[in-house]
Structure formats: structure tokens, C-alpha cells
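J.: sequence and predicted structure below; questions after.
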Amino acid sequence: MPPANHLAPRTLTEGAPPDAADLLRRMWEIRHFENEVMSLFSQNLVRGSTHLCQGQEAVSVGVCWDLRHSDQMTCTYRGHGAVLAKGAPLDGSFGEILGRKIGLCGGKGGSMHLTDVSVGALGSNAIVGAHLPIAVGAALSSQVQGRDDVSVAILGDGATNIGAFHESLNMAAIWKLPVVFVIENNQYGEYSPLASTTPINDLVRRADSYGMPGVLVDGNDVVAVRSVMKDAVAHARAGLGPTLIEASTYRQVGHSRSDPATYRPEGELEKWLARDPLTQLGSAMVASGAATDEHLVEIENSAKADVLAALDRALTSPIPDDGLRFKDVFV
Amino acid sequence: MTTTYNYRQIISKAIADEMRADDDVILFGEDVAAAGGAFKTTPGLFEEFGPNRIRDTPISEQAIVGAALGAAMTGLRPVAEVMFADFAGVAFDQIANQVAKYRYMTNGQVRVPLVIRMANGAGSGFGAQHSQSAENWFLNIPGLKIVTPGTVADVYGLLRASIRDDNPVLFFEHKNLFAIKGEVARVESEIVPLGQAAVVREGVDITVVASQLMRHRAMEAAEALAAEGISLEVIDPRTIVPFDDATVLESLRRTSRLMVVQEGPRDGSWGSSLVSRIVTENFETLDAPPVVLSSENTPVPYASNLEDLWLTSVAEIVDAARLQVRY
């Protein structure tokens, strides 16, 4: 059941949109950001673990592109891309992962807790599914206070099997809350392929259980993601309630830094690399005459230069003051 | 002008007074609206404030607590009800990992002004999954304030203060005290700041620290012991986090004997923590080993005689006090 005002989504096959260059640039920023984080890890500059999103940039950017800063977004620990797409600065995001003063959370959060309230990136969460009730609560605020802000929860396919997912969709539906749930189906819950943990292939069917619209979209097509998101957000702003979107995509890297992803069937990665979201957008731009191959290289280089400059600022930022650890337990 | 209320009635009065003062205060939970609460603690609120601010929820404790968190960070002051405190177990992640840590992990980017109200305690034959004193579960989690009122006036004053607090507050209402009565004026001056214990009976021989049901039993014991010349000073901590050590210490400097009476097993309890702090930081105030009277170290049994034995009795407090003054 699609949203009330839903038509077939626009897709890349219809050509690149006028602001395609901006979309592509943002996706390159995320790609290079993640590549740099991977490299920082191998240099032992990042502690703990980290969860990267190369291959999933079209979901982050397509979901967040048309949101306002007053719209709240919560996401998973694989959330660097979503938080950057919502508008968090590159240097603060690097700084947080590096545990520096410049970090979005002053170095107290880390890779799995990137949060920038000033742009409506209300939080990345390290507990699977725990951010869904929080997005529901942000939508409740909007409804109680009579605002037309929406909230968005970006979750993984694995989160559709945890209780908080079901409680959240149900509560959002009965109260007709302005929230959009986006399943970023990257085919694996940690090391386990979807089919081994979930008895249905199309996760979007779970929308039916909660009487809400559900839309399946190609998560590697940024134009299509943006299009279905636009409908779902309009539906929510109009007071018509929540929508469940399933964006089908692929995690081009392992679950975390310790995972070489040897469990993938042969040829699967190559198949998805051929559908890389950045390449697809670039090809569409060239095909529709919106850009030349040289333009595409310029866009990537300019994004990469910004990422590297931001990384420099983060690396030269001091570590947090010792006293910071006692701050903000309470107001 | 004061009016007499019981502990059950004053809960809705306190919420209503805060809701009239602040449009951002809302209440939701299972059966709190149309039915007026499973314990009839919220009657009349739905009728006065309507369905936007007073909401019945599905039986979904994770969503209830998580939604309260999301709402608190984006402009509201939600009061969420988790019907029995035992059900906090269902929402443990939201309370322990989300609510308690959100402000800290984000370096103070958010405030979390929410209250989670829960019905606490044993003595009513509800069995092991509906009778626990769950406040101790949360002692080891920095970032949560914990409030345990034992009187009608304290419910009123502490609940209003909890709703106004910019931090998350776990507010425990004791099921076995719902019928007790007390006088409240329902004015601003009756708001009780969090973190202030009350000396509820003055005495010279033993400082007895007891909360909720045990506070009332300690008062009965004090009355009985007065007849034989043993004088108990009874302190109700009222707030478990932050705990008012100063009031206890001030009392100990006069009595030099410390007794804790608490509901629930001893290990990992606020009473054990209090004794640990006093012994390690203020040992010189003590002339006798501290006494900790707790419930038996088992789940709460159902049968009337077994549940009575599980809870510390007035007689046990009296006996322990007689021994402690002779040390």
C-alpha cells in the first residue's frame, strides 16, 4: 500500500535532476570520508570499532536531502553517511571518531554516536533498533506542539527483527505520527545474510501489519530514494501518519573493521559494484548531457579535497580536557 | 488552605498542577487516559487536558520510554507511566542505555526532562513479577535521578519537582501506601527539591534511614522503643539519587549509630551504598557497626505468610535496635 499521494517514483532512468552535481558531490564526500576512516583505523588512530557505509550513500543522501534542520533524524551505528547527509560538518565528524576536542560530541560519543542537534541529526545509536522509539517521540513533540516537522529513523534490515521496531511502528501508526521509517536493506545483519534470519524477502511487507503505507525502492538510485522520501514526508507533514520505506542496497565493506566479509557468495560483490550508486548517478549525468567525464572527475576531486582538509583540521585538534569526563551527566 | 488527600489521589493532583502551569507537560502510558490508570492514580486528567496531552499507549514499554526520550529532547516534558516498576525490565535498554546516557554522550547537546512513574513494592500479594522495589536496579547507572516518596506531601512536592527537573527522573510510587492520607495545600511552596532528605522523627540513640513502606515501619518501631527509653532518629532519604548524605552525617554526629531499613535484597542496594560511603569516608562518626535490614535474598513470594516474612517487620527493627544500642 503506497502513501496516499504516491505515484511511481522518479528514477535515474529518466535522467539526472538539475541538482545532480550537488547530490553527487555529497555522495563523494561520504565515500571519501569512509575511505579515510578505514585508513585511520589501519593506522591505529581510531579506537574501538567502526561501521562503514560505502555503497549505501544514495540512501543517506536521498533520505536527508530535502529535510529541514528542524526535521529530526535518528540512525544506526553505521550512521556516518546519514549524519553527514543531514548536514553535520566533516571536520567535527572526523574529530568525534578520532576522539578530539573538535568532535561533534567533544570526543565523548565516538563513531557510533555521531550527533549534531543543530542540524537535526538527533543521534546515531549503538543499540540495534533503539533509535526508532526516539524518532517516534520526536514526532510526538511535533504533533503535540502543532508543528509540521517530521522525524526520520534510518534502520538496518537486522533491526526489523527486534521488538523496538514493532513497538515503534505500531505506536506511530495508532497516533498517526509524522515519522518516516527507512529500512536500509544492505542484505546482511552483521555477518548473517538476510534469508538466514528473516522469513520474508520484502521487508516492506511489514508495513501492512501496522496499517501504514510501505514502499520498496532501489537504494542505489539516489533520485528514486529522494522521490519516495518526498512523498512520505509530504504524507507525514499533512498529518496522514507514518510510512515504511525499504531501500535495497549493498554494504560494499564488512560489518566492522574486524570483518573481511568472507561469507559473501562469489560474484555478489562484483554484481553490486557494477551498480555502485555514485557511478550510476555519474553515468546518468553524462548520458543526459548534464556533465562530461571531466566534470565528474572535478566533482570527485573537489569533494575529496574538502574531506582531506577537514581531516587535517580534526587531526590537529587537541584531545579533550581531562575535566570533560565529569560534565553533562546531569544538567 | 490544606486539604486531605490520599497517596493515590495526590498523584493526579500534582500532574494536573504542573500541566496547568506548563503546556509542554504531557502524560502517556497504558490505561492512563480513559481508564484513569490501572491504580486509579490519573483519573480526571484526560477529561481536563484532552487526547493530545493525555494518551493511552499500547502495551509497549520500550516505545513508551523511548518516545518519552525523543519527546523530551525536542521540546516536551513528558511524564510516562510504566504501570508496575517490574515492567521497567522490558524497557531496560531505553532507560539504561538511552535515557541515562543521551545528554552525556552528546556532550550536553540535549536536555532530557522526563519522568517515568512506576508502581513499586511488595506487600499486596502480586507475586514475584509485580512486587519488586526496582529503584535499586538503576543505582549503578549514572545519569538517572531516583525518587521514592513515602508520604502524601512528598508525592506532591517531589512529583512536581521531578516534572520541572531538566534531567530524567525515575519516580517510584509504593503500591502499599496508596491508601495513606495526608494534608497538602497544593501551592508552589510545597514543592520539595530533589536531593533533600527529611528528618521525620528526632532522636538521640540511632539514626535510622528508611524509605517508603519501611519508613512507616521504622516510625512504628520508634514509637514502640520510646516506651523503653530507646530513642530513634528517623530519616527518610526521599531521593535515592542524588542521596542526601549530609543530613545523615549530621544526625550520626549526634547518635553515632547507623541503621538502614530498606525493601528489597541487600546486595546492590542504596542502603549498602550508603553504609559503604559512611564507613569509608566518615568512619569516625560510628561507635557501633552499622545495621542493614533488608528483605530476604529471594524473589518476592506470593503466599501471605511468606511475603510477610520477606519484608522487614516492625518487630525485627525493634530487635535490631535493642541490640545495636547495647554494642
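T.: Yep, it's here. Keep in mind that what you see is a predicted model, and the values were worked out from it rather than measured. Numbering: from 1, shown residues only, chains lettered A, B, ... in the order given.

J.: ok, which stretches of the stretch 1-150 of chain A are helices?
T.: For the stretch 1-150 of chain A, the helices defined by DSSP state H, counting those that start in this stretch occupy A:20-42, A:57-64, A:80-86, A:90-98, A:131-144.

J.: packing partners for the longest one?
T.: Put plainly, it is helix A:20-42. helix A:57-64, helix A:80-86, helix A:90-98, helix A:222-237, helix A:277-287, helix A:293-316 (3 or more CB pairs under 8 Å, 6 or more residues apart in numbering or on different chains; DSSP states H and E). The way it works is simple: take the backbone N, C-alpha and C, and place the C-beta from them, glycine included.

J.: mean confidence for that helix?
T.: For helix A:20-42, the mean pLDDT works out to 97.

J.: then the fourth one?
T.: For helix A:90-98, the per-residue pLDDT values average out at 98.

J.: that helix to helix A:293-316, inter-axis angle?
T.: Put simply, helix A:90-98 runs at 50 degrees to helix A:293-316, going by axes from the mean of the first three to the mean of the last three CA atoms, to 10 degrees.

J.: can you give me the angle helix A:90-98 makes with helix A:20-42?
T.: Interaxial angle of helix A:90-98 relative to helix A:20-42 (the same axes, to 10 degrees): 30 degrees.

J.: report the distance from helix A:90-98 to the chain centre.
T.: 17 Å (CA atoms, centre = their mean, to the nearest Å).

J.: go through it and flag the buried ones.
T.: Buried residues in helix A:90-98, counted by 16 or more other CB atoms under 10 Å in any protein chain shown: A:90-98.

J.: the longest one too?
T.: Residues of helix A:20-42 classed as buried by neighbour count (16+ other CB under 10 Å): A:20-21, A:23-34, A:36-37, A:40-41.

J.: between it and helix A:57-64, how many degrees?
T.: 120 degrees.

J.: now swap in the fourth one and tell me
T.: Using the same axes, to 10 degrees, one finds that helix A:90-98 and helix A:57-64 are set 120 degrees apart in direction.

J.: do helix A:90-98 and chain B meet?
T.: No - applying CB under 8 Å from any CB of the partner chain, one finds helix A:90-98 out of contact with chain B, separated by at least 9.2 Å.

J.: same for that helix, what does it pack against?
T.: Judged by 3+ CB pairs under 8 Å, 6+ apart, the packing partners of helix A:90-98 are helix A:20-42, helix A:80-86, helix A:293-316.

J.: of all those, which one is nearest B:S60?
T.: Closest approach to B:S60 among these (CB to CB): helix A:80-86, 25.2 Å.

J.: how far off centre is the closest one?
T.: 6 Å.

J.: around B:F171, how many other residues sit close by?
T.: For B:F171, the neighbour count with other CB atoms under 10 Å in any protein chain shown is 25.

J.: that one in helix, strand or coil?
T.: Judged by DSSP: H, G, I helix; E, B strand; the rest coil, the three-state class of B:F171 is strand.

J.: from what I see, it and B:S162 are in contact.
T.: Yes - B:F171 sits in contact with B:S162 when judged by CB atoms under 8 Å, with a separation of 5.3 Å.

J.: overlap in contacts, these two.
T.: Residues touching both B:F171 and B:S162 comprise B:115, B:147, with contact defined as CB atoms under 8 Å, 6 or more residues apart in numbering or on different chains.
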